[in-house]
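Peer 1: Give me a 3D structure for the following:
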Amino acid sequence: MNKTWEPLIWGNERLIYDAMASMNNRGGSIVAITNFHHKFKRSKVKIAIQGLETKGLVKYNNTLQEYTLV
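Peer 2: Presented below is the predicted three-dimensional model:
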């Protein structure tokens with residue numbers, strides 16, 4: 001996974017952010033992000049995505065129904 005520097009994120013948010021940065025489209029659905037790494041659990045991914053979205057680092061695309069990095 002690519003290591004990126006965002007001082008506002010840590011823990012599960014950091015893992016999810018780095019995973020999304022490594023994905024082809026810089027994100028995807030909750031299922032795609034969960035399946036990206038065998039240690040990710042869907043409930044933890046949802047919580048981390050909500051935190052990243054609150055901080056403005058991730059946005060939800062209604063048309064594609066996917067989360068992408070900003």
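Peer 1: and the longest helix seen in the chain, which residues are buried?
Peer 2: Secondary structure of the chain per DSSP state H: the longest helix is helix 42-54. Residues of helix 42-54 classed as buried by neighbour count (16 or more other Cβ atoms under 10 Å): Lys44, Val45, Ala48, Ile49, Gly51, Leu52. From N, CA and C alone the C-beta is placed, and that goes for glycine too.
Peer 1: need these in JSON lines with pLDDT and distance to Asn35, can you?
Peer 2: Formatted as JSON lines, the buried residues of helix 42-54 follow (pLDDT from 0 to 100; distance: Cβ to Cβ, whole Å):
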{"residue": "Lys44", "pLDDT": "92", "distance to Asn35": "14"}
{"residue": "Val45", "pLDDT": "93", "distance to Asn35": "10"}
{"residue": "Ala48", "pLDDT": "94", "distance to Asn35": "15"}
{"residue": "Ile49", "pLDDT": "95", "distance to Asn35": "14"}
{"residue": "Gly51", "pLDDT": "93", "distance to Asn35": "20"}
{"residue": "Leu52", "pLDDT": "93", "distance to Asn35": "18"}
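Peer 1: Between those, which sits nearest Thr63?
Peer 2: Ile49 (17.6 Å; Cβ to Cβ).
Peer 1: Which residues are in contact with the closest one?
Peer 2: For Ile49, the contact set (Cβ atoms under 8 Å, 6 or more residues apart in numbering) comprises Ile16, Ile30, Ile33, Val58, Tyr67.
Peer 1: Out of these, who's the most crowded?
Peer 2: Neighbour counts for those (other Cβ atoms under 10 Å) peak at Ile16, which has 27 neighbours.
Peer 1: Break down the protein into its strands, ranges please.
Peer 2: Under the criterion DSSP state E, the chain contains strands at 27-28, 58-61, 66-69.
Peer 1: To Asn12, which of these lies closest?
Peer 2: strand 58-61 (13.1 Å).
Peer 1: so what's Ser43 scoring on pLDDT?
Peer 2: pLDDT for Ser43: 93.
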